[in-house]
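In: Here is my input, please return the structure:
(chains A, B, C and D)
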Protein chains: 2
Amino acid sequence: MKLGEGVEAAIHCAAMLAGVEGEATLSGAAMAEAFGLSPSYLLKHLNMLSAARILESVSGPAGGYRLARSAERITLLDIVLAVEGREPAFRCGEIRQRGPAKLDASAYVKPCGINAAMLKAERAYRTALAEAKLSDIVSDFMSDADPRSVAASCAFVARHQRPQKSSSTKQA
Amino acid sequence: MKLGEGVEAAIHCAAMLAGVEGEATLSGAAMAEAFGLSPSYLLKHLNMLSAARILESVSGPAGGYRLARSAERITLLDIVLAVEGREPAFRCGEIRQRGPAKLDASAYVKPCGINAAMLKAERAYRTALAEAKLSDIVSDFMSDADPRSVAASCAFVARHQRPQKSSSTKQA
DNA sequence: TTATCGTGGATATTTATTATCCGCAATAGG
DNA sequence: CCTATTGCGGATAATAAATATCCACGATAA
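Out: Residues are numbered from 1 along each chain as shown, chains lettered A, B, ... in the order given. Down below sits the predicted model:
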């Protein structure tokens, strides 16, 4: 059982995007630079997030990404499912009916108990992820992390965020 | 996030081994046949299970595998960890400190909040798996599954199990 | 002694992940 | 209108991991 590295990147990017002001955006290249990731591959994951309506993207110069809704309404589950896909980790191959002494298909209408137990555990996992809001991640970071790290992160966002033309909110 | 197919095979084999009498064993080849799996690869997984002391193995003719302890003291978590390894699915690459504006290492002594949230969810997953005993899987199968399937499964075990020479328990 | 079985290593084969590149549409600014 | 920048999508390569097979070996029951 393994999660792709893209999940870590996606969550960090989403958390960083939670710090941009109003309708401003951050370009994918800027975020790739911030985390030392390959830009072209990070774009793939950011694209997944916008396909899942977690991020919004703006084309053209001054374009980039921003959160599609408030950080309070984005959970880690949203992000993990968007990047890793929605299929469960355990996939029942129904090997119980692959032996040589096959029974009639009607003997296997009831779902496999092993599959049920595995999926139940996965539901617990997803429930825990669904309880972790992006806003919690951000506020915990703001209050608990090293002040230098917080300051550097805020400075990076302030330096790279790009205000939109028809935006009513302005930066200092 | 994906679990290998070996997990399904391992759990089904363990459940089947819960049905053997006393110190009798089932050969890996027999179980591979029962589930339509490649024998040589299934042996790898069974080997993992015996390395983890979940199964015991007996060499020689009349050899094979049996549970190393009662099915009540074997959980799905035991099996999943034995087959998939004990490392968590989410591995924090510390990308927060890989950007161009690196701070001193002392700014990153506090653990990453994202990592903490992901690991917390994984703990929920493992807790749920730890609550699923192999004996529950077996008894649910016995009571809920199609009677033809139960009968076929018991018949298979009865036909292939091999009593050990110095065993005090005998089969009918 | 022989045939059967598990163990461990070496090694293909297949599949998934990671990463890069290029043409395209969108768009802000001149 | 023109150009430069950005995200999007597809094609493709490089890398890693899971899956599968084979063989030599030690153990052991008959």
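
In: Output the below-cut-off pLDDT ranges for chain A.
Out: Along chain A, the model assigns pLDDT under 70 to residues A:166-172.

In: just checking, what's the longest helix in it?
Out: helix A:113-130 (DSSP state H).

In: just checking, what packs against that helix?
Out: Judged by 3 or more Cβ pairs under 8 Å, 6 or more residues apart in numbering or on different chains; DSSP states H and E, the packing partners of helix A:113-130 are helix A:76-84, helix B:5-17, helix B:76-84, helix B:113-130, helix B:134-144. (Glycine included, C-beta is placed from N, CA and C.)

In: What lies in contact with that helix?
Out: By Cβ atoms under 8 Å, 6 or more residues apart in numbering or on different chains, the residues outside helix A:113-130 that reach it are A:75-77, A:80, A:88-90, A:92, B:3, B:7-8, B:11-12, B:15, B:76, B:117-118, B:120-129, B:132, B:136-137, B:140-141, B:144-145.

In: Just want the angle from that helix to helix B:76-84.
Out: Angle of helix A:113-130 versus helix B:76-84, following axes from the mean of the first three to the mean of the last three Cα atoms, to 10 degrees, is 90 degrees.

In: and the residue lying closest to A:Lys2 once chain neighbours are set aside, what does it touch?
Out: Closest residue to A:Lys2 apart from its sequence neighbours, by Cβ to Cβ, 6 or more residues apart in numbering or on different chains: B:Ala89 at 5.7 Å. Counting by Cβ under 8 Å, 6+ apart, B:Ala89 touches A:1-3, A:89, B:1, B:122.

In: Quick one, which of the contacts of helix A:113-130 are buried?
Out: A:75-77, A:80, A:88-90, B:3, B:7-8, B:11-12, B:15, B:76, B:117-118, B:121-122, B:124-126, B:128-129, B:132, B:136-137, B:141, B:145 (16 or more other Cβ atoms under 10 Å in any protein chain shown).

In: How about the residues of chain A by DNA strand C?
Out: Proximity of chain A to DNA strand C (Cβ under 7 Å from any atom of the strand) is limited to residues A:4-6, A:37-41, A:44, A:58-63, A:164-165.

In: May I see the ChimeraX selection of the buried members of those?
Out: Per 16+ other Cβ under 10 Å, the buried members of these correspond to this ChimeraX selection:
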select /A:4,5,6,37,58,164
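
In: re earlier: adding distance to DNA strand D and secondary structure as columns, could you present the contacts of B:Ala89 in TSV?
Out: Below are the contacts of B:Ala89 laid out as TSV (distance: Cβ to the nearest atom of the strand, whole Å; DSSP: H, G, I helix; E, B strand; the rest coil):
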residue	distance to DNA strand D	secondary structure
A:Met1	8	coil
A:Lys2	5	strand
A:Leu3	11	coil
A:Ala89	12	coil
B:Met1	11	coil
B:Glu122	16	helix
